[in-house]
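J.: based on what follows, work out the 3D shape:
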Amino acid sequence: MSSPNLDVRDVARLARIELTDDEAATFQSQLGRVLEYVEQLNALDVSSVEPTAHANPVFNVLRADEARPGLERSAALANAPHAANNLVVVTKVIE
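T.: Coordinates of the predicted model:
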């Protein structure tokens, strides 16, 4: 774990963020409090807690794959910016 004495200016330099002296002092204090809290969390005994990715069980809810009627060709072509020979004309993307 990082030391609570981590310099916020080092982090700002890595993130390419320019800080004023007042901002650095404020963020240094905040970073120190965050690291102290992480140390408190590290002290907890979580050996009997099962690792999870989500707090609540997550299941994929998928609808049945059933054929359904689509748009009529004329309705689909009515929204196309360019159409020819009952097809949508698109810009060439491969050179």
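
J.: now do the helices in the protein.
T.: 8-14, 21-42, 73-78 (DSSP state H).

J.: so for the longest one, what gets flagged as buried?
T.: Residues of helix 21-42 classed as buried: 27, 28, 31 (neighbour count, 16 or more other C-beta atoms under 10 Å). The way it works is simple: take the backbone N, C-alpha and C, and place the C-beta from them, glycine included.

J.: do the first one as well
T.: Using 16+ other C-beta under 10 Å as the test for burial, helix 8-14 gives residue 8.

J.: mind saving the C-alpha coords of that helix as CSV?
T.: Taking C-alpha atoms only, helix 8-14 is exported to CSV below (Å, rounded to 0.1, in the frame of the first residue of the first chain):
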residue,chain,number,x,y,z
VAL,A,8,0.0,15.0,-4.7
ARG,A,9,2.3,16.9,-7.0
ASP,A,10,3.8,13.5,-8.2
VAL,A,11,0.3,12.3,-9.0
ALA,A,12,-0.6,15.5,-10.7
ARG,A,13,2.6,15.3,-12.8
LEU,A,14,1.8,11.8,-13.8
